[in-house]
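1. got a structure for you, letters missing:
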């Protein structure tokens, strides 16, 4: 699905009108009608007390259409004029057409449903104190809350919250997703998002969402060599679980051979937990982690893709190991967790590689890589991921709610599934294992990364529907793959 900015939405609407598809007034009616349909599908209306809070622009005009539609369906409807009477011709028309609807300038009384139609996509600065107080009062009413286009108080393009923000249970938006639905902190305020087709063709897009992958059928006449060899440098004493999770996820995702290069300190536990894996024992330090000068040539024979980092620890030995892998190998290399931390003091080594690099940082790891704070990362997720991928020629999987995949050529893809149950140690190891598995099986890099991100989170959603988000474990995701 396309993700459009404020300006792209406006240009798309203008193009539709100028091409004669309909007038702006007709477009407002279509939008209001579609939003009304979605509201009716999500909550009962007959005999309910509904408050539609309208601004003085076109978003308010959508609200007037909604108000009349819900009144006609049997609701007791009140319109609150948050900014006085409407100022646009289309909004004036539908305001003057209201019949049987209470109109006031104050939010008073009890309501079952509140519809926010104050600002829409146009807001780019904090509302005045009066409007912020009104939004706060709307949030304090115990009611089912619906936002029209986007919740008031959000910047459409950046996802920043500008003062008080309406906290919606349901957001009905038009034409396409907007960036704010996918970015913090706005994504905490939008609730369920439904995109309505109002007959406007997008003129362009800024980003795309990740769609469900389609996998080719396996050939009947095949063997383990047909599905690739993934080599994983993972684990250390006390961190065997990271190696186990990544190896099991890799195998569950269909790789032919999962070869685990591990310190002797975790050999017994890994072979018991993942008997299907082939193990290469590497030289280790006294603390049970990799030595930096281990033999990498032998285990890398016939490798189709490599993973390094899950649970290896962060010390001078692992920094040396990661540097050697980055500079020596030519097959796709996934760098996760401590592998990312090992790059912090020598990030420019990424510019000296012959391999296609995929890094999978969470915000704290991305902050270490870039020298920024976690807060700065969260406020500028798209720009930071994109700039990093362009500068270092790698694919960046910036994890978190609505994980971002950024490519070296500047493309950005958002993941739209997943849940808070994934916010637990080990989830990233599972994702890394899935990515290296798909790469080893011969998928092109972008397709492998997007497919892994989607499958990882979509599977987690299915498990959460059964066990609940709080009870979700990374091993549950592996078993459900």
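-> It's in. Quantities reported herein were computed from a predicted structural model and do not represent experimental measurements.
2. so residue 186 touches residue 180, yeah?
-> Yes - Residue 186 lies in contact with residue 180 (CB atoms under 8 Å); the separation is 4.2 Å. The C-beta positions use only the backbone N, C-alpha and C, and glycine is treated the same way.
3. Looking at these two, which one has more neighbours?
-> Higher neighbour count among residue 186 and residue 180: residue 180, with 28 against 24, using other CB atoms under 10 Å.
4. circling back to that earlier point, any shared contact partners between residue 186 and residue 180?
-> Counting by CB atoms under 8 Å, 6 or more residues apart in numbering, the common neighbours of residue 186 and residue 180 are 150, 154-155, 159.
5. Serialize these to a markdown table and add fields for distance to residue 418, secondary structure and neighbour count.
-> Compiled in a markdown table, the shared contacts of residue 186 and residue 180 are given as follows (distance: CB to CB, whole Å; DSSP: H, G, I helix; E, B strand; the rest coil; neighbours: other CB atoms under 10 Å):
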| residue | distance to residue 418 | secondary structure | neighbour count |
| --- | --- | --- | --- |
| 150 | 21 | coil | 32 |
| 154 | 21 | strand | 30 |
| 155 | 23 | coil | 21 |
| 159 | 17 | coil | 26 |
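6. Check the separation of the first and last residues in stretch 150-164.
-> With CA to CA, to the nearest Å as the measure, stretch 150-164 spans 14 Å from end to end.
7. 29 is where my numbering starts, stick with that
-> Noted, 29 is the first residue going forward, which turns the last one into stretch 178-192.
8. The residue nearest to residue 99 when sequence neighbours are not counted: which element?
-> Closest residue to residue 99 apart from its sequence neighbours, by CB to CB, 6 or more residues apart in numbering: residue 105 at 4.4 Å. Assigning secondary structure by DSSP states H and E places residue 105 in strand 104-109.
9. and that strand, what's its mean pLDDT?
-> What strand 104-109 shows for mean pLDDT is 98.
10. Quick one: list the elements packing against it.
-> Where contact means 3 or more CB pairs under 8 Å, 6 or more residues apart in numbering; DSSP states H and E, strand 104-109 is packed against strand 77-82, helix 86-100, strand 130-132.
11. Which helix in this protein has the most residues?
-> Using DSSP state H, we find that the single longest helix of the chain is helix 473-495.
12. Flag every buried residue along it.
-> 473-474, 476-489, 491-492 (16 or more other CB atoms under 10 Å).
13. Report the mean confidence score over it.
-> Here the average pLDDT along helix 473-495 is 98.
14. Could you check the next helix-or-strand element following that helix and say which residues are buried?
-> Of the helices and strands lying after helix 473-495 in sequence (DSSP H and E), the nearest is helix 502-508. By 16+ other CB under 10 Å, the buried positions in helix 502-508 come out as 502, 504-506.
15. out of those, who's nearest residue 241?
-> The nearest member of those to residue 241, counting by CB to CB, is residue 505 at 16.1 Å.
16. Please point out which parts of stretch 350-365 sit buried.
-> Counting neighbours by 16+ other CB under 10 Å, the buried set in stretch 350-365 is 350-354, 357, 359-365.
17. Now these in JSON lines, please, with extra columns for distance to residue 340 and pLDDT.
-> As requested, the buried residues of stretch 350-365 are exported to JSON lines (distance: CB to CB, whole Å; pLDDT from 0 to 100):
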{"residue": "350", "distance to residue 340": "8", "pLDDT": "98"}
{"residue": "351", "distance to residue 340": "13", "pLDDT": "97"}
{"residue": "352", "distance to residue 340": "13", "pLDDT": "97"}
{"residue": "353", "distance to residue 340": "11", "pLDDT": "98"}
{"residue": "354", "distance to residue 340": "14", "pLDDT": "98"}
{"residue": "357", "distance to residue 340": "16", "pLDDT": "96"}
{"residue": "359", "distance to residue 340": "19", "pLDDT": "98"}
{"residue": "360", "distance to residue 340": "19", "pLDDT": "98"}
{"residue": "361", "distance to residue 340": "14", "pLDDT": "98"}
{"residue": "362", "distance to residue 340": "13", "pLDDT": "98"}
{"residue": "363", "distance to residue 340": "11", "pLDDT": "98"}
{"residue": "364", "distance to residue 340": "10", "pLDDT": "98"}
{"residue": "365", "distance to residue 340": "8", "pLDDT": "97"}
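18. Among those, list the two that are farthest apart in space.
-> 359 and 365 (19.8 Å).
19. I figured the residue nearest to residue 99 was touching residue 132, is that so?
-> No - if you go by CB under 8 Å, residue 105 and residue 132 don't touch, sitting 11.5 Å apart.
20. Those two: which is more packed in?
-> residue 105 (27 against 12).
21. Residue 433 and residue 478, how far apart?
-> Note on residue 433: its distance to residue 478, by CB to CB, to the nearest Å, is 6 Å.
22. meant to ask about residue 278, not that
-> According to CB to CB, residue 278 stands 17 Å off from residue 478.
23. cool, and residue 490?
-> 19 Å.
24. In which helix or strand does the most centrally placed residue in the chain reside?
-> Centroid-nearest residue in the chain: residue 430, 1.0 Å away (criterion: CA atoms, centre = their mean). Using DSSP H and E, residue 430 sits within no helix or strand.
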